[in-house]
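Participant: Structure for the following, please:
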Amino acid sequence: MMFLEFFIWGSWFVTLGTFLGNNLKASESESAAVFSTQSWGAIIAPFIIGLIADRYFNAEKILAVLHLIGAVLMYQMYTATNVSVFYPYVLGYMILFMPTLALVNSVSFNQMKDPEKEFSSIRVWGTIGWIVAGLLISYVFFWDAKEAANAGLLKNTFLMGSIASLVLGLFSLTLPKTPPKGAGEEKVKIGEILGLDALKLLKDKNFAVFFISAILICIPLAFYYQNAHKFLSNIGVEGPTGKMAIGQISEALFLLLIPFFFKKYGFKKTILVGMLAWVIRYLLFAYGNAGNLSFMLIVGIALHGICYDFFFVSGQIYTNSKAGEKYKSSAQGLITLATYGVGMLIGFEVAGIITESYKVADGSFDWKMIWMIPSGIAAIVFLLFTLFFNDKDKVQETAI
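Facilitator: Numbering: from 1, shown residues only. This is a model prediction of the structure:
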């Protein structure tokens with residue numbers, strides 16, 4: 001289940017930016033709108049989970065329905081010939097897909113006696129699924145090779161995703177029963193579903209600094225999602241999708257190092273390392289090339305584990321420790337809404353505007369400036385967090 005869940009996502013999302021430019025001739029603002037569907041999905045997902053899945057239906061059944069409908073929408077994305085046709089399908093798909101990320105976790109947790117110890121060995125199969133999708137695209141089907149991409153073969157990634165979604169939808173019907181957690185409850189608090197109950201935590205100055213930093217750091221993150229594959233393809237890197245899978249391998253490895261960093265250096269230093277990695281990564285992208293400096297691009301991709309894990313995963317642990325028992329779920333919901341919802345929504349819009357403004361007359365891009373700007377934004381967030389975050393409390397150690 002976990003393998004297929006992330007195989008589906010990795011099969012089309014990594015190459016999306018290149019596909020939009022090559023196949024659908026989308027402008028940068030149109031590409032930004034398409035990528036923003038992930039944020040709208042993240043904003044709407046809590047309603048689907050909180051109002052429907054957690055109250056009326058078994059998690060595995062709604063997971064099956066969402067993926068079966070998703071298979072149809074993905075096929076429609078495969079057949080779309082322009083952005084105006086493509087957009088409604090990708091929006092509908094992301095609204096249905098984002099809730100499945102929580103549903104696969106629910107199904108997993110329901111089968112475990114000790115989730116803190118057991119979950120990581122299950123979740124890692126999601127990362128493996130994403131990696132396998134990238135390797136298939138680059139080194140088995142060669143859909144992202146320059147000639148194939150120019151010939152429009154990248155659209156086949158959606159067909160692969162549609163087939164995988166159909167398989168997972170049918171497979172989900174065989175999963176162990178996971179009854180709704182909120183069945184029988186009379187009242188549903190919208191604020192609790194969205195995590196708004198946890199807004200009380202913002203009275204804590206240090207948590208407020210972290211919260212604002214989490215939103216701002218999503219702007220550089222959006223540049224990576226939206227532009228990295230297109231950048232690598234544009235400058236002539238071979239097998240860009242497969243090479244970007246290095247980022248997921250790095251993510252899995254650095255996840256194991258977070259407990260060590262927390263214990264030895266504390267939350268502030270750990271998260272600052274994550275922020276600094278964003279600055280360095282984009283400088284490497286700005287000055288690297290597909291020739292003698294290609295190693296700089298590989299190192300930049302490999303930094304994904306530090307960029308993502310040391311900020312976002314560390315942030316989830318910090319949030320968990322500050323929230324206490326009463327607001328744990330609400331606080332995680334609030335951070336998800338703030339980052340993948342609001343933060344990424346702003347980030348994709350900014351990335352679209354910046355990328356469009358540095359488009360050269362011949363249709364290529366001034367990639368150096370496009371990467372220098374998010375590097376600068378990450379550096380500003382790094383400085384602000386260094387100056388204003390002074391939490392001396394020990395963050396509770398949490399098993400990863």
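
Participant: List the buried residues in stretch 291-307.
Facilitator: By 16 or more other Cβ atoms under 10 Å, the buried positions in stretch 291-307 come out as 294, 296-297, 300-307. (Each C-beta comes from the backbone N, C-alpha and C, glycine too.)

Participant: Now pLDDT too, for the residues you listed, in TSV please.
Facilitator: Converted to TSV, those look like this (pLDDT from 0 to 100):
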residue	pLDDT
294	95
296	97
297	97
300	97
301	97
302	96
303	96
304	94
305	92
306	94
307	93
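
Participant: Helices - which of those residues land there?
Facilitator: Using DSSP state H, the subset of these located in helices is 294, 296-297, 300-302, 304-307.

Participant: would CSV of the buried residues of stretch 291-307 with distance to residue 320 be doable?
Facilitator: Listed next are the buried residues of stretch 291-307 as CSV, based on distance: Cβ to Cβ, whole Å:
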residue, distance to residue 320
294, 40
296, 36
297, 35
300, 30
301, 29
302, 28
303, 25
304, 23
305, 21
306, 21
307, 21
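
Participant: Looking at these, spot the one nearest residue 13.
Facilitator: Distance to residue 13 across these (Cβ to Cβ) is lowest for residue 304, with 14.1 Å.

Participant: thinking the closest one is in contact with residue 248, fair?
Facilitator: Yes: between residue 304 and residue 248 there is a contact under Cβ atoms under 8 Å: 7.4 Å.

Participant: domain parsing for the chain?
Facilitator: According to automatic domain parsing, the chain comprises the domains 1-176, 194-394.

Participant: which other helices and strands contact whichever strand or helix holds residue 347?
Facilitator: Remark: residue 347 resides in helix 344-357, with elements defined by DSSP states H and E. Counting contacts by 3 or more Cβ pairs under 8 Å, 6 or more residues apart in numbering; DSSP states H and E, helix 344-357 packs against helix 28-35, helix 37-47, helix 205-234, helix 367-388.

Participant: hey, least reliable of the ones you listed by pLDDT?
Facilitator: Among the helices and strands packed on helix 344-357, helix 37-47 carries the lowest mean pLDDT, at a mean of 87.

Participant: which other helices and strands contact it?
Facilitator: Using 3+ Cβ pairs under 8 Å, 6+ apart: helix 37-47 touches helix 83-110, helix 190-194, helix 314-336, helix 344-357.

Participant: do you know which of those lies nearest residue 366?
Facilitator: Short answer: helix 344-357, nearest of the helices and strands packed on helix 37-47 by Cβ to Cβ, at 9.1 Å.
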